[in-house]
Structures are given as C-alpha cells and as structure tokens.
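*Asks:* With the sequence up front, the predicted model follows.
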Amino acid sequence: MNPKEKRLPFNLLKHNRLKVAEPTGIEPATSKATGQSVVFPVMTDSDIQLIERELAITLPGSYKRAVVPFRIPAMVGNTDSQLSDDAKRLITLNRELRAGSSFRPAWPPHLFAVGDPHGDELIALDTRTLDGPVWWLDHGLVGSDSNYQAHPRFADWVEQFYPILDQTLRATAMTPTAFPKLSTPHKAPTRNKVFSAAWQSSSSSFLPSLRSYTSADEKAAGKHNSQGRS
C-alpha cells in the first residue's frame, strides 16, 4: 500500500499535504485490515482556487476558513449538508444551478451554493461583497417570495451552522470527531448516504434553528433583497 494513501488521523489530514481516497470510495487496504475504515478527501487551498477559477468568482475569506479544513472530522468530504466540502461536486452543482431548468430559473453568477442537503432549501452565498451575505432559497428558486437573507455575514452564519451540525450528528448516534465505522466496507453505503439519512430524519428538529438567523428587525420589516428575489 502506498503510505501516502493510508488512513490518517484528522490532525494530520487537516494540513492538506497528503493524498487520500475519493469521497465515494473505500480505501481498500486499510478497510481490509480494520474492517471499518473509510477515507474522504480534505478541502485544500487548491480546491478553493479551482472553484474560483471554474466558476469565475471570488470567495470571501470567511468561507475559505470555514471549509479548509471542514471543522467536523466525521463530515470531511461531505456532499449532503447545507455546507459541503467536495470541490468537484460544488462546481457541478453551481453550474447546474446557473444553467437553470424547466422548474428552476437560472441562478445569477454572483450566487454560490455552499451545499446541497437534498431538502427544501439551498443556502447561497452572495460573492459580490467581502462579508458574503447568506441567503435561504426555497427549493433553490431565485425570485421566490419565501426566500430571505439568513445572515448578512457568512462568518456569523457558519459559527451557528457548525454547532447545529454537531447536534444533528450526536442526536443520530454519529460521532462528530471521528469517521463513521462501517462493519462491512465492501457492501456498506457511502458515508454521505449514511449522513443524508440521519440529516433528513432529524431535520424537523434542527432546521428551524438554521432558518432563524434573520434578525428580528429584518423579519419585522419584511426586508428582502435582489439577491434572493431576482
């Protein structure tokens, strides 16, 4: 086995210097030896540069600090939460949103979807300002009357997101500080699918908190901005 591809402790992975397996794969040699190890890639500065280059945007520093690396080891390389850290999937997702579809208007290029929880909402970051305002978009529909600004600063939004994600994992018997242990790696679903099921089962309890970031003053005034309402 190539020593650069073996499963590493998260405190080493976070330095982003060593190659690990693809997010949907199970690292064969380690899994055979332990019967339960699954390895996922860590977001790197190069990944951020790739996203910016491919989508022709500049991401705020607060976003980069939030996902390089992802702060919850159990969710490194995830594609199924409101904040994902799989660069290739994020690029694909945002290209699809920009292209639009028969039921979803095309997104403007300044909006960046930071994840895809496969639920009723998409979280979009407005890349036109350094603060990176965060928008809650109903079913990802730009222009919907249900959309609202979840937080004027991404840095503040993410500080509320991570504790809620931690609670979600703990409420579904998943350990935030370690990779999930799958007893039969060669037959087990990917970690993302495991988490997705857990997220959906607990979303009714935790998502109201994620949707409550808009200040009382903003809600009372019914303020909306052009980012979420085309």
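*Replies:* Ah, there it is.

*Asks:* Can you report how many residues lie near residue 145?
*Replies:* 10 (other C-beta atoms under 10 Å). C-betas here are computed from N, CA, C, even on glycine.

*Asks:* same question, the one 4 residues further on
*Replies:* Neighbour count of residue 149, defined by other C-beta under 10 Å: 19.

*Asks:* any idea how far it lies from residue 124?
*Replies:* Residue 149 sits 10 Å away from residue 124, going by C-beta to C-beta, to the nearest Å.

*Asks:* For residue 97, which non-adjacent residue is spatially closest?
*Replies:* Among residues not flanking residue 97 along the chain, residue 107 sits closest, at 4.2 Å (C-beta to C-beta, 6 or more residues apart in numbering).

*Asks:* my read is the one you found is in a helix, agree?
*Replies:* No: under DSSP: H, G, I helix; E, B strand; the rest coil, residue 107 sits outside any helix and is assigned coil.

*Asks:* Could you number the chain from 30 rather than 1 from now on?
*Replies:* Right, with 30 as the first residue, what we last looked at is residue 136.

*Asks:* what residues are up against it?
*Replies:* Applying C-beta atoms under 8 Å, 6 or more residues apart in numbering to residue 136 gives the contacts 123, 126-127, 129, 142, 153, 169, 171.

*Asks:* The residues you listed in strands, which ones?
*Replies:* In this view, the contacts of residue 136 that belong to strands under DSSP state E are 142, 153.

*Asks:* Return the member of the contacts of residue 136 nearest to residue 182.
*Replies:* Taking C-beta to C-beta as the measure, residue 182 lies nearest residue 153 of the contacts of residue 136, at 14.2 Å.

*Asks:* Identify the bridge partners of that closest one.
*Replies:* With DSSP bridges applied, residue 153 shows beta-bridge pairing to residue 142, residue 164.

*Asks:* Where do the helices of this structure begin and end?
*Replies:* Ranges of helices in the chain, per DSSP state H, are 39-42, 57-63, 74-84, 90-96, 116-128, 183-200, 220-239, 245-250.

*Asks:* Just give me the neighbour total for residue 73.
*Replies:* Neighbours of residue 73 (other C-beta under 10 Å): 17.

*Asks:* From residue 149, how far off is it?
*Replies:* If you go by C-beta to C-beta, the gap between residue 73 and residue 149 works out to 31 Å.

*Asks:* repeat for residue 90
*Replies:* Applying C-beta to C-beta to residue 90 and residue 149 gives a distance of 30 Å.

*Asks:* How about residue 71?
*Replies:* 29 Å.

*Asks:* do the same with residue 78
*Replies:* For residue 78 relative to residue 149 (C-beta to C-beta), the value is 32 Å.

*Asks:* Same question for residue 129.
*Replies:* Applying C-beta to C-beta to residue 129 and residue 149 gives a distance of 19 Å.

*Asks:* Same check on residue 193?
*Replies:* When residue 193 is compared with residue 149 (using C-beta to C-beta), they lie 16 Å apart.

*Asks:* before we move on, what about residue 161?
*Replies:* The value you get for residue 161 to residue 149, if C-beta to C-beta is used, is 23 Å.

*Asks:* Those two: who's more crowded?
*Replies:* With neighbours defined as other C-beta under 10 Å, residue 161 and residue 149 compare such that residue 161 has more, 24 against 13.

*Asks:* Could you check the pLDDT of the more buried one?
*Replies:* Note on residue 161: pLDDT of 97.

*Asks:* for the residue nearest to residue 129 when sequence neighbours are not counted, what are its contacts?
*Replies:* Excluding the flanking residues, the one nearest residue 129 by C-beta to C-beta, 6+ apart is residue 135, at 3.2 Å. Each residue near residue 135 by C-beta under 8 Å, 6+ apart is listed here: 126-129, 171.
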